[in-house]
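Asks: Sharing a sequence plus its predicted fold:
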There are 2 protein chains.
Amino acid sequence: MHSMQTWEAITSRRNVRSYSDRPVSAGQLDQILEAGRRSPSSRNSQPWDFVLVTDRQQLQELSQVWVGAGHIAGSAATIALITAGEEQRRTGFDLGQVTMSIMLAAADLGIGSCHAGVGDQDACRRLLGLPADRSCAFLISLGYPADRPLAPIARPDRRPFDEIVHRGHW
Amino acid sequence: MHSMQTWEAITSRRNVRSYSDRPVSAGQLDQILEAGRRSPSSRNSQPWDFVLVTDRQQLQELSQVWVGAGHIAGSAATIALITAGEEQRRTGFDLGQVTMSIMLAAADLGIGSCHAGVGDQDACRRLLGLPADRSCAFLISLGYPADRPLAPIARPDRRPFDEIVHRGHW
């Protein structure tokens, strides 16, 4: 597999919502899921399960669960992050960590990603066959970018370094 | 600078609470902070500032702000994640993403890290000179490990892959 230096992956990752037809292999998906599995969490609680969706019709249906989830429909695969009950508020920090692990592991392979929230939790539960005590916190779509390959971004759309970084004191 | 392939950094990262005397350079710290700056956030809100602390006495005082923050005292440097007001609950997911970006950028350089919460917010605010409308959400300590260099972990202490990963449906 093609892979990147860490710094290249960190600086190349961007939200990708439009995907090419290039397939993502089962081995690549397993590596991305393994990065998620390894992610740290509060007291190593690992408050997550992952449902991997690759079926086109199921992806199209999943894309309807939130107005901002349209990009799921055309993804090569999507990982649904499942938590117990509605505990997303408590586990938000850990879910952020696991999402970043997954996105950087994807970027390492040149694979774009974009996460989406879930509005219609009942529809999502039905589509994924979740037990009543679980819910889907986020969907992370994956696929090679339709526009251009991932490459280091020289000037990211972010606040200036010297505005964000303080030294010793505010 | 020595750096790693992304997969090596992802599989080598672990919580490091005990640090060697080996210094971490200003250039390395800036690279780690830049990874944080580039991290994604909800609607690109970037709800954070970073206060970099390298002074030994200040690190020792910071280590007192929570019972679980003792490892800050011996760190080569610590990044304080600052948010507006007490909005940590709302921004937890974004703070998780930025923390993971910082930890993986550190691992890339062979630098260990460990985050800690803040119990005594007033003491933390005073030590960092924060305005009244800001608070410190987390402290991320950095330093070369005292025990052994970062290296890929073959069998991480995590739930089994096949227990966490579901295919198509739960």
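Replies: Okay, I see it.

Asks: how about the closest residue to residue A:18 other than its chain neighbours, what does it touch?
Replies: Counting by CB to CB, 6 or more residues apart in numbering or on different chains, residue A:146 is the residue found nearest to residue A:18 once chain neighbours are left out, at 4.2 Å. (C-beta placed from N, C-alpha, C; glycine too.) Residue A:146 sits next to A:18, A:19, A:20 when contact means CB atoms under 8 Å, 6 or more residues apart in numbering or on different chains.

Asks: Would you state the helices of chain A in chain order?
Replies: A:6-12, A:26-38, A:56-62, A:88-108, A:121-128, A:161-164 (DSSP state H).

Asks: To chain B, which of those helices lies closest?
Replies: helix A:88-108 (2.2 Å; CB to the nearest CB).

Asks: buried residues in that closest one?
Replies: A:88, A:90-108 (16 or more other CB atoms under 10 Å in any protein chain shown).

Asks: Stretch A:139-158 now?
Replies: Neighbour-count burial for stretch A:139-158 [16+ other CB under 10 Å]: A:139, A:140, A:141, A:142, A:143, A:144, A:145, A:150, A:156, A:158.

Asks: list the helices and strands the helix or strand bottoming out on mean pLDDT in chain A packs on?
Replies: One helix or strand of chain A scores below all others by mean pLDDT, DSSP states H and E: helix A:88-108, with a mean of 91. Packing partners of helix A:88-108 (3 or more CB pairs under 8 Å, 6 or more residues apart in numbering or on different chains; DSSP states H and E): helix A:6-12, helix A:26-38, strand A:77-84, strand A:112-116, strand A:134-143, helix B:6-12, helix B:88-108.

Asks: report the angle between the axes of the second one and strand A:77-84?
Replies: If I follow you right, that is helix A:26-38. Counting by axes from the mean of the first three to the mean of the last three CA atoms, to 10 degrees, helix A:26-38 lies at 30 degrees to strand A:77-84.

Asks: Return helix A:26-38 as PDB; C-alpha atoms alone will do.
Replies: Taking Å, rounded to 0.1, in the frame of the first residue of the first chain, the C-alpha atoms of helix A:26-38 are listed here in PDB:
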ATOM      1  CA  ALA A  26     -10.800  -4.600   2.400                       C
ATOM      2  CA  GLY A  27      -7.300  -4.500   3.700                       C
ATOM      3  CA  GLN A  28      -7.200  -0.700   3.600                       C
ATOM      4  CA  LEU A  29     -10.500  -0.500   5.400                       C
ATOM      5  CA  ASP A  30      -9.300  -2.900   8.100                       C
ATOM      6  CA  GLN A  31      -6.200  -0.800   8.600                       C
ATOM      7  CA  ILE A  32      -8.300   2.300   9.100                       C
ATOM      8  CA  LEU A  33     -10.600   0.500  11.500                       C
ATOM      9  CA  GLU A  34      -7.600  -0.800  13.400                       C
ATOM     10  CA  ALA A  35      -6.400   2.800  13.900                       C
ATOM     11  CA  GLY A  36      -9.800   3.500  15.400                       C
ATOM     12  CA  ARG A  37      -9.600   0.500  17.700                       C
ATOM     13  CA  ARG A  38      -6.200   1.600  19.000                       C
END
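
Asks: Give the rounded mean pLDDT of it.
Replies: Helix A:26-38 shows a mean pLDDT of 98.

Asks: Counting neighbours, which bits of that helix end up buried?
Replies: A:28, A:29, A:31, A:32, A:33, A:34, A:35, A:36, A:37, A:38.

Asks: Ok, the fourth one next?
Replies: Under the neighbour-count criterion of 16+ other CB under 10 Å, strand A:112-116 has A:112, A:113, A:114, A:115, A:116 buried.
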